[in-house]
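Participant: fold the following for me, if possible:
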Amino acid sequence: MTLNEQIVIDGKDSVLGRVASYAAKQALLGKKIVILNCNDLLLTGRRNMILEQYSHMRSRGRGAQKGPIIPKVAEKIMKRTIRGMLEYTQKRGEAALDRIICYNATPKEFESAKKISLARELKIRTLKLGEIARII
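Facilitator: Below you'll find the predicted structure:
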């Protein structure tokens, strides 16, 4: 795999859905995607509504044996969000999901890599994904 086929995305101060849709599309095109700083991804909206939605999703699960399994770690929440944008039951979507790697911090091998940032200045209420993972 050449260096051009790997995209490193810095998730600091970026909106979760925008990063997830960009990563899903690029993975479907055959590129390997690495998403860093998943703890710093933002969700927009009112704090109590976001927390209510995630706690409701977690309460729907009937345990690890039956599911649905809703993750509590920020990087796994990000991966599940991307999975919702792919046809993960088909071979093409499964292969695309395998090409995506998420990290809560920046590993040493990616510190010097060129990173893409999808951050924009937001004038609306936001909540960090790491804070959601800590609360639920």
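
Participant: list the contacts for the residue positioned nearest the centre of the chain?
Facilitator: For the chain, Met78 is the residue whose C-alpha lies nearest the centre (CA atoms, centre = their mean; 2.2 Å). Each residue near Met78 by CB atoms under 8 Å, 6 or more residues apart in numbering is listed here: Gly11, Leu16, Val19, Ala20, Ile35, Cys38, Leu41, Cys102, Leu129. From N, CA and C alone the C-beta is placed, and that goes for glycine too.

Participant: how far away is it from Cys102?
Facilitator: Met78 sits 5 Å away from Cys102 when distances are taken as CB to CB, to the nearest Å.

Participant: check Glu109 too.
Facilitator: 15 Å.

Participant: these two - which one has more neighbours?
Facilitator: Using other CB atoms under 10 Å, the more surrounded residue of Glu109 and Cys102 is Cys102, with 26 against 8.

Participant: for Ile33, see how far away the residue nearest to the centre of the chain is.
Facilitator: Look at Met78 and Ile33: by CB to CB, they are 11 Å apart.

Participant: for Ile116, same thing?
Facilitator: From Ile116 across to Ile33, the span is 10 Å (CB to CB).

Participant: tell me, what's touching the two both at once?
Facilitator: Ile7, Ile9.

Participant: have a look at the two and say which one is more surrounded.
Facilitator: Taking other CB under 10 Å, Ile116 and Ile33 do not tie; Ile33 has more neighbours (23 against 14).

Participant: looks to me like that one is in a strand.
Facilitator: Yes: using DSSP: H, G, I helix; E, B strand; the rest coil, the assignment for Ile33 is a strand.

Participant: what lies in contact with stretch 89-100?
Facilitator: With contact meaning CB under 8 Å, 6+ apart, stretch 89-100 is reached by 23-24, 27-28, 30-33, 35, 79, 82-83, 86-88.

Participant: scan those and report the most crowded one.
Facilitator: Of the contacts of stretch 89-100, with other CB under 10 Å as the count, Ala23 tops at 29 neighbours.

Participant: thank you, goodbye.
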